[in-house]
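Trainee: Everything below, folded, please.
(one chain, ligands or ions: 3)
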Amino acid sequence: MQILILGAAAGGGFPQWNCACANCASLRAGTLAARPQTQSSIAVSGDGERFLLINASPDIRQQINANPALQPARGARDTGIGAVLLVDAQIDHTAGLLILREGERLPVYCTPPVHEDLTTGFPVLRMLEHYCGVDWQPLSADGTSFEVPQVPGISLQAFALSSKAPPYSPHRHDPHPGDNIGLLITDSGSGRRLFYAPGLGELEPHLWAPMRAADCVLVDGTCWTDDELSRRGVGSKRSRQMGHLPQHGPGGMIETLERLPEARKILIHINNTNPILVEDGPERAALAAAGIEVAHDGMEIVL
Ligand code: MLT
Ligand code: MN
Ligand code: ZN
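Mentor: Ligands and ions are numbered 1, 2, ... in the order given. Model (predicted):
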């Protein structure tokens, strides 16, 4: 199984267009040991040819341009993207669907609550009916194994998890199972597995089995501390309120991942305010000491 990190940043990307936090300002000034990152998306393939796009970020055009495997190779109009799967209905994971409008009818896998948000509060799937059209494939978030015919060589399981529905969802303050999911993806040949959850607010007990089953976990790296946005002077929302477990401190992601000694551990969906973006900083060193990597655009994982 081949996993391409198309975008390692959280919503807004790095740098964010209107942000002058210490990270974004120093990155623009060229004084930070850090690299720009686009918004949250990965692509997964079992055969190296047909890819499942997991989340369609607002930066998808740039991401396709940067990843030859997703570009046309077989015909006058063509793509390496066989189907799209959405883990939630957030803008950073779905706005890129609009960019795919010139293509063939698009198979889109998502849960019923995500489909509801994407046909009401942010009706992107209805809008696409006037362009390529969408074949919605409902996902159940109960761990049932399924395959994506357009992307052979992998099977998947989706698990409901606690993160956050978008602000335009009636579920924003009234969580329902399936608003957000994590995925366990298995390579049919090698049996090796990836657990992917870019939004992970809480490690609920039912998530331990799929996480323990994974050879690699690629999980929420949004914020270092719960109060990161206010510390940086760019907002008052807390990381946990936004459905993202911070890394540092008791009960944080670093401590949580200690319970997975065997797995390769990688953080993704990193907010531009997060000090782990600084490659020579102490927070990055603390992650390295805990055996945790930080995803970046262009990273490739082979399982
Ligand atoms: C999130 O992950 O909390 C959202 O994507 C934030 C956003 O909309 O930028
Ligand atoms: Mn996000
Ligand atoms: Zn910033």
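Trainee: for the stretch 101-250 of the chain, what spans make up the strands?
Mentor: Secondary structure of the stretch 101-250 of the chain by DSSP state E, counting those that start in this stretch: the strands cover 106-110, 134-138, 142-147, 154-160, 181-187, 193-197, 216-220.
Trainee: Highest average neighbour count across those strands: which stretch is it?
Mentor: Comparing the strands of the stretch 101-250 of the chain by mean neighbour count (mean count of other Cβ atoms under 10 Å), strand 216-220 ranks first with a mean of 26. Where you see a C-beta, it was placed from the backbone N, CA and C, and this is true even at glycine.
Trainee: how about it, does it reach ligand 1?
Mentor: No - applying Cβ under 6 Å from any ligand atom, one finds strand 216-220 out of contact with ligand 1, separated by at least 8.6 Å.
Trainee: repeat for stretch 34-52
Mentor: No - against ligand 1, stretch 34-52 shows no contacts by Cβ under 6 Å from any ligand atom, the least distance being 7.3 Å.
Trainee: hmm, back to that, dump the strands of the stretch 101-250 of the chain into a markdown table; add distance to ligand 2 and mean pLDDT as well.
Mentor: Output for these, formatted as a markdown table (distance: least, Cβ to the ion, whole Å; pLDDT from 0 to 100):
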| stretch | distance to ligand 2 | mean pLDDT |
| --- | --- | --- |
| strand 106-110 | 15 | 99 |
| strand 134-138 | 21 | 98 |
| strand 142-147 | 23 | 98 |
| strand 154-160 | 17 | 99 |
| strand 181-187 | 14 | 99 |
| strand 193-197 | 12 | 99 |
| strand 216-220 | 9 | 99 |
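Trainee: For ligand 3, which of those is the nearest?
Mentor: Go through the strands of the stretch 101-250 of the chain one by one with Cβ to the ion and the one that ends up closest to ligand 3 is strand 216-220, at 18.0 Å.
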